[in-house]
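Enquirer: My questions are about this predicted structure, shown below with the sequence.
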Amino acid sequence: MARLDTPLVLASGQRLPNRIAKAAMEEFLAVEGQLPGPGMVELYRRWAQGAAGLMITGHVMVDRRALADPSDVVLENGTPLKPFHEWARAAQSGDGRIWLQINHPGRVMTSDMPGPVRSASDVAVDVGRYSRLYPRPEPMTAEQIQDTVRRFASTARMAETAGFDGVQIHAAHGYLISQFLSPLTNRRQDRWGGNLDNRARLLLDIVAAVRAEVGERFAVGVKLNTADFQRGGFGADEAARVVAMLAELPVDLVELSGGSLESLATHGYAADGSTLAREAYFLDTAAAIIADSTVPIMLTGGIRRRSVAEDALARGTAVVGMATALAVDPGLPRRWLHGEDATAQVTLPRWRDKALAAAAAQATVRCRLAGLGRRDGAGRRAHPILALIAERLHRRSALRDYRRWLSGQQPAAPTE
Ligand SMILES: Cc1cc2nc3c(=O)[nH]c(=O)nc-3n(C[C@H](O)[C@H](O)[C@H](O)COP(=O)(O)O)c2cc1C
């Protein structure tokens, strides 16, 4: 049985020095031009010292017109690579590997964002009284789908040139690829809709295009939902079949998570009434997928204690992923690897409005990341309400800067 300190050699030949990964967290630390700034570099230097065997960046967008938030980083044709090179180097200052998570938000764009909002079909985000923030998306044309595939591939190539060790394609949490996978958001009747083979086509085409564009030793991973935890949505049986399809390509690592903006399972709540464990939320749902998979599985969600991480490994998980816990204590992997029983104390707001509680929890984590990204910053804890207000204010100025940058650009660079 693998232990936390057992190295893992992936299909590409890449070696992870241990089984602990920092899962992706959208940092909101982009500076002018949607580039990673000094705060990002410092933050990843700290994580590198924390000894996680793998670090996955927060999502980086493949198209400057399609951002989930105006503070997101963009990497596409024409983006200067030096800031990305510095980011990768800082993350490689320890023994761990650094993969860039690449993403397209699809319909998860609020109406104040300037770009066109596109998805698999014209199904708008349904988050109760917050739904009006999200416009109804236009269904993507075949050309737009093919352009998106090429964008993922060229972003991956640029990540490799900048010195990253791999990419993770974000197919979870209700973003574009996940919108194609779910029958609730994909009502298409062409070759990208209907049966699972068709709904998974975008993901598989992206993986194949990325693989064809990068070198053999460059790792390619995918983050997938164990389930959406929405009635009629993408379920665990379909997830198991998609993992089997990915194994054929192959990919290096599949990270299993769950939920979306509509179902807050990512944070341990489930919209379809199913009960998620208080820790390692998805382990029970993922058990059958893990047992059958020939691809190493990384499991993320609710892991804060060493015994829980070890239990996940004992049940066949290849890598344990942590997000929130490593914002609270970036040195946690090192402590566990030295045999300490340290636990990250994570307190999520228990408000009746779960959507607001989830947004406040994320804002609190990001506030902590900003603190860790300052050279002097020990990373202060902020009150969730204050963190939420500070994030709203920051968003206003970030949106102004993003609009100015976007309007000063040529039309989006044509892809090769
Ligand atoms: C502030 C914050 C930002 C996140 N951003 C991303 C992201 O960019 N990409 C992604 O795949 N998941 C993102 N997540 C989800 C985490 O990777 C992880 O799946 C989730 O937080 C559950 O793991 P945890 O309980 O260890 O935090 C984010 C989570 C937080 C708290």
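Expert: The structure has been received and is ready for your questions. It should be emphasised that the depicted structure is a prediction, and the values quoted were computed from it without experimental measurement.

Enquirer: OK, contacts around the closest residue to Pro296 other than its chain neighbours?
Expert: Closest residue to Pro296 apart from its sequence neighbours, by Cβ to Cβ, 6 or more residues apart in numbering: Ala318 at 3.4 Å. Quick note: C-beta positions are derived from backbone N, CA and C, even for glycine. Counting by Cβ atoms under 8 Å, 6 or more residues apart in numbering, Ala318 touches Ala2, Leu8, Arg19, Leu253, Pro296, Ile297, Met298.

Enquirer: can you list the residues of this protein near the ligand?
Expert: 23-26, 58-59, 101, 170, 172-173, 223, 257, 266, 300-303, 322-325, 362, 365-366 (Cβ under 6 Å from any ligand atom).

Enquirer: So which of those residues belong to helices?
Expert: Using DSSP state H, the subset of those located in helices is Thr324, Ala325, Gln362, Val365, Arg366.

Enquirer: Same list as before, the residues you listed that is, but in TSV and with neighbour count included.
Expert: Shown next, in TSV, are those (neighbours: other Cβ atoms under 10 Å):
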residue	neighbour count
Thr324	21
Ala325	23
Gln362	21
Val365	21
Arg366	23
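
Enquirer: want to throw those into JSON lines with pLDDT?
Expert: Conversion of these to JSON lines gives the following (pLDDT from 0 to 100):
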{"residue": "Thr324", "pLDDT": "95"}
{"residue": "Ala325", "pLDDT": "96"}
{"residue": "Gln362", "pLDDT": "91"}
{"residue": "Val365", "pLDDT": "92"}
{"residue": "Arg366", "pLDDT": "92"}
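
Enquirer: which one of these sits closest to Arg118?
Expert: Arg118 has its nearest neighbour among these in Gln362, at 24.3 Å by Cβ to Cβ.

Enquirer: name the element Glu391 belongs to?
Expert: helix 384-407 (DSSP states H and E).

Enquirer: Other residues contacting that helix?
Expert: Outside helix 384-407, the residues that touch it by Cβ under 8 Å, 6+ apart are 28, 30, 32-34, 64-65, 67, 69-71, 112-115, 349, 356-357, 359-361, 363-364, 366-367, 382.

Enquirer: filter these to the buried ones?
Expert: Taking 16 or more other Cβ atoms under 10 Å as the criterion, what is buried in those is 28, 30, 33-34, 64-65, 67, 69-71, 113, 349, 357, 359-361, 363-364, 366-367, 382.

Enquirer: Return the subset of those lying in helices.
Expert: Ala357, Ala359, Ala360, Ala361, Ala363, Thr364, Arg366, Cys367.

Enquirer: Just give me the closest of these to the ligand.
Expert: Distance to the ligand, by Cβ to the nearest ligand atom, is smallest for Arg366 among those, at 4.9 Å.

Enquirer: Now for that closest one: which residues touch it?
Expert: Met25, Glu26, Glu27, Phe28, Ala387, Glu391.

Enquirer: And the residue nearest to Asn186 when sequence neighbours are not counted, how far from Arg97?
Expert: Counting by Cβ to Cβ, 6+ apart, Asn186 lies nearest to Ala120, which is 4.0 Å off, once chain neighbours are set aside. Note on Ala120: its distance to Arg97, by Cβ to Cβ, to the nearest Å, is 32 Å.

Enquirer: Compare neighbour counts for the two and give me the winner.
Expert: Each of Ala120 and Arg97 has its neighbours counted (other Cβ atoms under 10 Å); Ala120 has more, 26 against 22.

Enquirer: Wait, the more buried one touches Trp192, no?
Expert: Yes. Judged on Cβ atoms under 8 Å, Ala120 makes contact with Trp192 at a distance of 6.8 Å.

Enquirer: shared neighbours of the two, anything?
Expert: Common contacts of Ala120 and Trp192 (Cβ under 8 Å, 6+ apart): Phe180, Asn186, Leu202.

Enquirer: State the mean pLDDT of the helix or strand that contains Asp284.
Expert: Asp284 is part of helix 283-292, with elements assigned from DSSP H and E. The average pLDDT within helix 283-292 is 94.

Enquirer: Among the ones in helices among the residues of the chain next to the ligand, which one sits closest to Glu216?
Expert: Closest approach to Glu216 among these (Cβ to Cβ): Ala325, at 33.3 Å.

Enquirer: Could I get the contacting residues of the spatially most central residue of the chain?
Expert: Residue closest to the average C-alpha location in the chain (Cα atoms, centre = their mean): Ala24, at 4.6 Å. The neighbourhood of Ala24, defined by Cβ under 8 Å, 6+ apart, consists of Ile56, Thr57, Gly58, His59, Gln101, Gln168, His170, Lys223, Ala323.

Enquirer: I'd like the residues you listed as TSV, with pLDDT appended.
Expert: Formatted as TSV, those follow (pLDDT from 0 to 100):
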residue	pLDDT
Ile56	98
Thr57	98
Gly58	98
His59	98
Gln101	98
Gln168	98
His170	98
Lys223	98
Ala323	97
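
Enquirer: Serialize those residues to JSON lines and add fields for neighbour count.
Expert: Formatted as JSON lines, those follow (neighbours: other Cβ under 10 Å):
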{"residue": "Ile56", "neighbour count": "28"}
{"residue": "Thr57", "neighbour count": "27"}
{"residue": "Gly58", "neighbour count": "25"}
{"residue": "His59", "neighbour count": "26"}
{"residue": "Gln101", "neighbour count": "22"}
{"residue": "Gln168", "neighbour count": "30"}
{"residue": "His170", "neighbour count": "28"}
{"residue": "Lys223", "neighbour count": "27"}
{"residue": "Ala323", "neighbour count": "22"}
